[in-house]
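Engineer: pasting the sequence and the predicted model now:
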Amino acid sequence: DIQMTQSPSTLSASVGDRVTITCRASQSIRSWLAWFQQKPGKAPKLLIYKASTLQSGVSSRFSGSGSGTEFTLTISSLQPDDFATYYCQQYNTYWTFGQGTKVEIK
Amino acid sequence: QVQLVQSGGEVRKPGDSVKVSCKSSGYTFTSFGIFWARQAPGQGLEWMGWINAYQGNTDYAQKIQGRVTMATDTSTSTAHMELRSLTSDDTAVYYCARVFRGVVDYWGQGTLVTVSS
């Protein structure tokens, strides 16, 4: 099974900060990686797929990069609505989620 | 607009079974798959399986293989997920979502399944 490891687990940041979350795969997943945002009591929301393709309707302050085993999600200027938990997910071989990164207010 | 609407919360006893439904609208049901995941209280997301809504073929996560069955009813654009031999470890919010070429895009609102004696 492919394991996905995110870092950090928790991130404290302020509005306007540039934020980067890292996701590492246990083996190459080429570019078959998605990023989701989840708020308490809500379903996950797709932000990015194929490592760097922005889902329709998602703000351009979100961007993704990487391929193979190392990936990043960047929020260029953190907004109040962005405080949430973020998950990476590989879909190279079935699906596996990372453990999540909680972005909280500093 | 694309919508997936799940059935309501359930309470079961250990050893029971539960069936969660997921009704799709706003797109051609048989052109996509249905993906199922769950989230235990305070925990992360766990993939459970998926079903090709057109052909009906399935893949299940090894952890629950043998206890889960996924099916679709194309006449009502509804997917069903049944989980058997429930334990307290199966207490979670269960989600369905639409999937195409591996990309999981639209999600249902979630169904809380509580297993308690």
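Structural biologist: Perfect, thanks for sending it. Numbering: from 1, shown residues only, chains lettered A, B, ... in the order given.
Engineer: you'd agree residue B:85 is in a helix?
Structural biologist: No - counting by DSSP: H, G, I helix; E, B strand; the rest coil, residue B:85 falls outside a helix, being coil.
Engineer: pretty sure it contacts residue B:12?
Structural biologist: No - using CB atoms under 8 Å, residue B:85 is not in contact with residue B:12; the gap is 10.6 Å. All C-beta atoms are positioned from the backbone trio N, CA, C, and that covers glycine.
Engineer: between the two, which one's more packed in?
Structural biologist: residue B:12 (17 against 12; other CB atoms under 10 Å in any protein chain shown).
Engineer: for the more buried one, give me its contacts.
Structural biologist: Shown in contact with residue B:12 (CB atoms under 8 Å, 6 or more residues apart in numbering or on different chains): B:18, B:86, B:113-115.
Engineer: mind listing the residues bridging to residue A:102?
Structural biologist: As for beta bridges, residue A:102 partners with residue A:10, residue A:85 under DSSP bridges.
Engineer: and the gap between the spatially most central residue of chain B and chain A?
Structural biologist: For chain B, the residue nearest the mean C-alpha position is residue B:36 (3.8 Å; CA atoms, centre = their mean). Computed as CB to the nearest CB, to the nearest Å, the residue B:36 to chain A distance reads 10 Å.
Engineer: can you tell me which residues contact the closest residue to that residue other than its chain neighbours?
Structural biologist: Closest residue to residue B:36 apart from its sequence neighbours, by CB to CB, 6 or more residues apart in numbering or on different chains: residue B:48 at 4.3 Å. Residue B:48 sits next to B:36-38, B:60-61, B:64, B:68, B:81, B:94 when contact means CB under 8 Å, 6+ apart.
Engineer: make it 6 Å
Structural biologist: B:36-38, B:61 (CB atoms under 6 Å, 6 or more residues apart in numbering or on different chains).
Engineer: in strands, which of the residues you listed fall?
Structural biologist: Applying DSSP state E to the contacts of residue B:48, the entries found in strands are B:36-38.
Engineer: which of the contacts of residue B:12 lies closest to residue A:55?
Structural biologist: residue B:113 (28.3 Å; CB to CB).
Engineer: partner residues bridging the closest one?
Structural biologist: Residues in beta-bridge contact with residue B:113 (DSSP bridges): residue B:10, residue B:92.
Engineer: right, and it touches residue B:19 too?
Structural biologist: No - taking CB atoms under 6 Å as the definition, residue B:113 is not a contact partner of residue B:19, at 10.0 Å.
Engineer: the two: which is more packed in?
Structural biologist: Neighbours per residue, other CB under 10 Å: of residue B:113 and residue B:19, the larger number sits with residue B:113, 19 against 14.
Engineer: per-residue confidence for that one?
Structural biologist: On the pLDDT scale, residue B:113 is placed at 98.
Engineer: how much space separates it from residue B:7?
Structural biologist: 10 Å (CB to CB, to the nearest Å).
Engineer: quick one: low-confidence parts of chain B?
Structural biologist: In the prediction, chain B carries no residues with pLDDT under 70.
Engineer: which bits of it sit near chain A?
Structural biologist: B:44-45, B:47, B:95, B:102-103, B:105, B:107, B:110 (CB under 6 Å from any CB of the partner chain).
Engineer: among those residues, which lie within strands?
Structural biologist: Using DSSP E, these in strands are B:45, B:47, B:95, B:103, B:105, B:107.
Engineer: as TSV, those residues with neighbour count and distance to residue A:6 would be great.
Structural biologist: Compiled in TSV, these are given as follows (neighbours: other CB atoms under 10 Å in any protein chain shown; distance: CB to CB, whole Å):
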residue	neighbour count	distance to residue A:6
B:45	24	12
B:47	21	16
B:95	25	19
B:103	19	19
B:105	17	21
B:107	22	20
